[in-house]
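> this one's structure only:
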């Protein structure tokens with residue numbers, strides 16, 4: 001499945017543009033000169049894939065999908081269906097983490113001692129998949145909880161805010177309109193906070209005021225139908 005639009009639109013586009021603007025502001029404070037920041041989604045997405053271009057150039061990345069270390073080719077870096085039709089993610093790349101995963105699953109010693117032997121991967125993948133289908137997602141989550149096996153439940157957008165880690169981090173904000181992510185990243189001296197609810201007039205006024213839009217201008221935009229609150 002396509003990974004939503006996080007890679008290109010937000011990662012390759014928005015985040016690279018924000019980084020460019022902040023970098024230009026720092027440079028301006030040193031040189032006193034401004035400049036144009038040219039950010040394109042295709043450039044940013046390509047930059048995010050720098051490691052994979054390097055691996056390809058070194059002959060260490062196969063062009064066939066699902067045959068590499070990080071694209072589900074490796075059985076210890078993949079998602080597996082559980083007995084209730086849900087999924088868990090496994091990402092124990094490092095030998096110490098894989099050893100704990102193999103011990104807790106458990107995985108046959110012959111396979112547990114051959115993590116990076118590609119010839120063992122098909123058999124290992126089949127063994128892990130068969131074992132994962134023996135318990136529910138919740139049961140596996142409890143089973144691996146607190147370990148370094150790098151196993152986590154694959155959650156829906158409605159389930160994720162209720163995960164203990166997200167609750168402990170206060171990663172989401174609950175409001176009348178639903179749940180939304182809390183501001184990130186976090187700052188120790190100047191912590192961010194939501195500017196207001198975009199779903200009501202006061203919240204919209206607050207948000208737009210940060211962009212220099214006056215109340216009179218906002219009223220004219222509403223009257224002309226350019227925006228609707």
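Thanks, I have the structure now. None of these values were measured; they are calculated from a predicted model.

> beyond the element among helices and strands of the chain having the smallest mean pLDDT, next helix or strand please.
The helix or strand with the lowest mean pLDDT-type score in the chain, counting by mean pLDDT, DSSP states H and E, is helix 201-209 (a mean of 72). Per DSSP states H and E, the first helix or strand lying C-terminal to helix 201-209 is helix 215-224.

> give the buried residues for that next one.
residue 218 (16 or more other Cβ atoms under 10 Å). C-beta: built from backbone N, CA, C; applies to glycine.

> tell me if residue 44 really is in a strand.
No: counting by DSSP: H, G, I helix; E, B strand; the rest coil, residue 44 is not part of a strand but helix.

> measure how buried it is and give me the count.
Residue 44: 23 surrounding residues under other Cβ atoms under 10 Å.

> relative to residue 14, how far out is it?
9 Å (Cβ to Cβ, to the nearest Å).

> tell me the mean pLDDT for stretch 122-140?
For stretch 122-140, mean pLDDT is 98.

> show me how far it is from its chain's centre.
When distances are taken as Cα atoms, centre = their mean, to the nearest Å, stretch 122-140 is centred 24 Å away from the chain's centroid.

> then stretch 212-221?
The mean C-alpha position of stretch 212-221 is separated from the chain mean by 36 Å, Cα atoms, centre = their mean.

> so what's residue 98 up against?
Counting by Cβ atoms under 8 Å, 6 or more residues apart in numbering, residue 98 touches 76, 92, 112, 115.

> all strands of this protein, in order?
With DSSP state E as the definition, the chain shows strands at residue ranges 77-81, 87-91, 151-153, 172-175, 178-181.

> got a markdown table for these, with distance to residue 7 too?
Formatted as a markdown table, the strands of the chain follow (distance: least, Cβ to Cβ, whole Å):
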| stretch | distance to residue 7 |
| --- | --- |
| strand 77-81 | 18 |
| strand 87-91 | 18 |
| strand 151-153 | 20 |
| strand 172-175 | 22 |
| strand 178-181 | 18 |
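
> of the ones you listed, which is nearest residue 9?
strand 178-181 (15.9 Å; Cβ to Cβ).

> could you pull out the buried residues of that closest one?
Of the residues in strand 178-181, none is buried (16+ other Cβ under 10 Å).

> neighbours around residue 204, how many?
19.

> got it, and residue 33?
Count around residue 33 with other Cβ under 10 Å applied: 8.

> tell me how far it lies from residue 24.
For residue 33, the distance to residue 24 - Cβ to Cβ - is 10 Å.

> just put the strands of the chain in TSV and tack on distance to residue 192 and mean pLDDT.
As requested, the strands of the chain are arranged in TSV below (distance: least, Cβ to Cβ, whole Å; pLDDT from 0 to 100):
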stretch	distance to residue 192	mean pLDDT
strand 77-81	33	97
strand 87-91	29	98
strand 151-153	27	97
strand 172-175	11	89
strand 178-181	12	91
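
> check which helices and strands the longest helix along the chain sits against.
Using DSSP state H to assign secondary structure, the helix with the most residues in the chain is helix 16-31. With contacts taken as 3 or more Cβ pairs under 8 Å, 6 or more residues apart in numbering; DSSP states H and E, helix 16-31 sits against helix 41-48.

> show the average pLDDT along the helix it packs on.
95.

> quick one, it and helix 16-31 angle?
80 degrees (axes from the mean of the first three to the mean of the last three Cα atoms, to 10 degrees).

> no further questions, thank you.
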